[in-house]
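Visitor: When you get a sec, could you give me coordinates for this:
(4 chains)
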2 protein chains.
Amino acid sequence: MASNLLAKNKLTILYGLCLAVLLFLLKWLELKFVIINNAYEVYMGAIAVFFTALGIWLALKLTKPKTVVIEKQVYVNNSAEFIINNIEVEKLGLSKRELEVLQLMAEGLSNQEISERLFVSLNTIKTHSAKVFEKMEVKRRTQAVEMGKRLSIIP
Amino acid sequence: MASNLLAKNKLTILYGLCLAVLLFLLKWLELKFVIINNAYEVYMGAIAVFFTALGIWLALKLTKPKTVVIEKQVYVNNSAEFIINNIEVEKLGLSKRELEVLQLMAEGLSNQEISERLFVSLNTIKTHSAKVFEKMEVKRRTQAVEMGKRLSIIP
DNA sequence: TTCAAAATCACCCGAAAGTATGAGTTCGAT
DNA sequence: ATCGAACTCATACTTTCGGGTGATTTTGAA
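Guide: Reported below is the predicted structural model:
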């Protein structure tokens, strides 16, 4: 436990020691070189600059880098976001109603259910679906749905 | 242009001025209170601590925040790479053959075509598909395909 | 206004899909 | 060995789908 505390504050202790050593050094220098009185300001300035630098260095060393996290969303081709391929729709020559029927077909609805959903007769839906199959050059609704999904006509 | 440069280095200039003022203050203090010689070290230490603190403060103020760009990927259900969701298959209790039939159904094949593809009779496929519908709790092949795609059972 | 495309609906018919039921075979696990 | 699940196939029947044809109404553009 005690060693753990010591280890955690290792850096702080180290810097404290460094400071002490430096202060000692300063005093030693002062004793060694007799400071010229009129250069006193210069001496002080030097100390100030030195310790400022030390402080800066300390701060840079000790502080965690300030990080600004920018979350960048990488390209999402998520199927939740469906963009209809109108070019293909036009290429096939599908009308609004036909596309609507195709979409409901893709949802697994029967012709009867589609007719109820769109408030038209079953026969009308049959006509529409027949036109869809003709235009898409498929034989069955399942194929139409398959094709529609591949061409991004339906989600 | 010149003003721009001035504005940019405003902080630096400010800190420089502060330093100068502080140095002046120090000298003034020194003149005012005659420093006791044997307390010289204490005085020096105070200066050291003060300027270290100044340095730290300076560093904290001046350091630019480091920007870290984290690319956050959002799940892409890209159809290019299809991974079958075996969990859902097991949950539904679909057998190998049933899944096979479902996959071919999703390709838009008729029961007849599926039976030819799998070298079995049409009736067999009907039985399989009926079981698939039962297990998936749907009424039609189109719904089964829809559901299968949503559950990632089929591509 | 006129004209074409779109949308609506109807009827018939055959094909396909789906339901229900029963039954034989195969194959792995107990 | 036997038991069950999976797979196979069949028959009979109903519903839905899809093709073909024709007709009427609506609508948007020339």
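Visitor: correct me, but A:L94 touches A:L102?
Guide: Yes - in this structure, A:L94 is within contact of A:L102 by C-beta atoms under 8 Å, at 7.1 Å. Heads up, the C-betas are built off the backbone N, CA and C, glycines and all.
Visitor: The two: which is more packed in?
Guide: Just comparing A:L94 and A:L102: by other C-beta atoms under 10 Å in any protein chain shown the higher neighbour count belongs to A:L102, 26 against 21.
Visitor: show me the contacts for A:K139.
Guide: Counting by C-beta atoms under 8 Å, 6 or more residues apart in numbering or on different chains, A:K139 touches A:133, B:110.
Visitor: quick check, it in a strand?
Guide: No - read with DSSP: H, G, I helix; E, B strand; the rest coil, A:K139 is coil and lies in no strand.
Visitor: follow-up on the earlier one: between A:L94 and A:L102, what contacts are shared?
Guide: Each of A:132, A:153 lies in contact with both A:L94 and A:L102 under the rule C-beta under 8 Å, 6+ apart.
Visitor: low pLDDT regions in chain A?
Guide: Residue ranges of chain A with pLDDT under 70: A:1-50, A:52, A:55-80.
Visitor: Run through the strands of it in chain order.
Guide: Ranges of strands in chain A, per DSSP state E, are A:67-73.
Visitor: Go through stretch A:114-125 and flag the buried ones.
Guide: A:114-115, A:124-125 (16 or more other C-beta atoms under 10 Å in any protein chain shown).
Visitor: wait, A:M105 sits on A:K126?
Guide: No - if you go by C-beta under 8 Å, A:M105 and A:K126 don't touch, sitting 11.8 Å apart.
Visitor: Chain A: helices as residue ranges?
Guide: A:2-8, A:10-32, A:40-62, A:86-92, A:96-106, A:111-117, A:122-136, A:141-150 (DSSP state H).
Visitor: what does chain A put close to DNA strand C?
Guide: Residues of chain A lying close to DNA strand C by C-beta under 7 Å from any atom of the strand are A:93, A:95-98, A:118, A:120-124, A:126-128, A:140.
Visitor: From DNA strand D, how far out is the nearest residue to A:F133 once chain neighbours are set aside?
Guide: Closest residue to A:F133 apart from its sequence neighbours, by C-beta to C-beta, 6 or more residues apart in numbering or on different chains: A:A144 at 5.9 Å. Between A:A144 and DNA strand D the computed distance is 7 Å (C-beta to the nearest atom of the strand, to the nearest Å).
Visitor: got the contact list for A:A144?
Guide: Listed by C-beta under 8 Å, 6+ apart, the contact partners of A:A144 are A:102, A:105, A:129, A:132-133, A:136, A:138, B:108.
Visitor: Could you give the number of residues near A:E107?
Guide: Number of residues near A:E107 (other C-beta under 10 Å) recorded here: 15.
Visitor: before we move on, what about A:K135?
Guide: Close neighbours of A:K135, defined as other C-beta under 10 Å, add up to 16.
Visitor: what sits against it?
Guide: Going by C-beta under 8 Å, 6+ apart, A:K135 touches A:92-94, A:98.
Visitor: Touching stretch A:118-134 from outside, list them.
Guide: The contact list for stretch A:118-134, computed with C-beta under 8 Å, 6+ apart, reads A:94-95, A:97-98, A:100-102, A:104-105, A:111-112, A:114-115, A:139-141, A:144.
Visitor: An error on my part: the question was meant for stretch A:146-155.
Guide: Contacts for stretch A:146-155 (C-beta under 8 Å, 6+ apart): A:79, A:82-85, A:88-89, A:92, A:94, A:99, A:102-103, A:106, A:136, A:138, A:145, B:106-108.
Visitor: swap the cut-off to 10 Å and go again
Guide: If you take C-beta atoms under 10 Å, 6 or more residues apart in numbering or on different chains as the criterion, stretch A:146-155 is touched by A:79-89, A:91-92, A:94, A:99, A:102-107, A:132-133, A:136-138, A:140, A:144-145, B:79, B:106-109, B:145, B:149.
Visitor: do that stretch and DNA strand D meet?
Guide: No - Stretch A:146-155 lies out of reach of DNA strand D by C-beta under 7 Å from any atom of the strand, never closer than 11.6 Å.
Visitor: end-to-end on that stretch?
Guide: Chord length of stretch A:146-155, first to last residue, is 11 Å (C-alpha to C-alpha, to the nearest Å).
Visitor: repeat for stretch A:109-122
Guide: Using C-alpha to C-alpha, first and last residues of stretch A:109-122 are 12 Å apart.
Visitor: Fine by me, we can end here.
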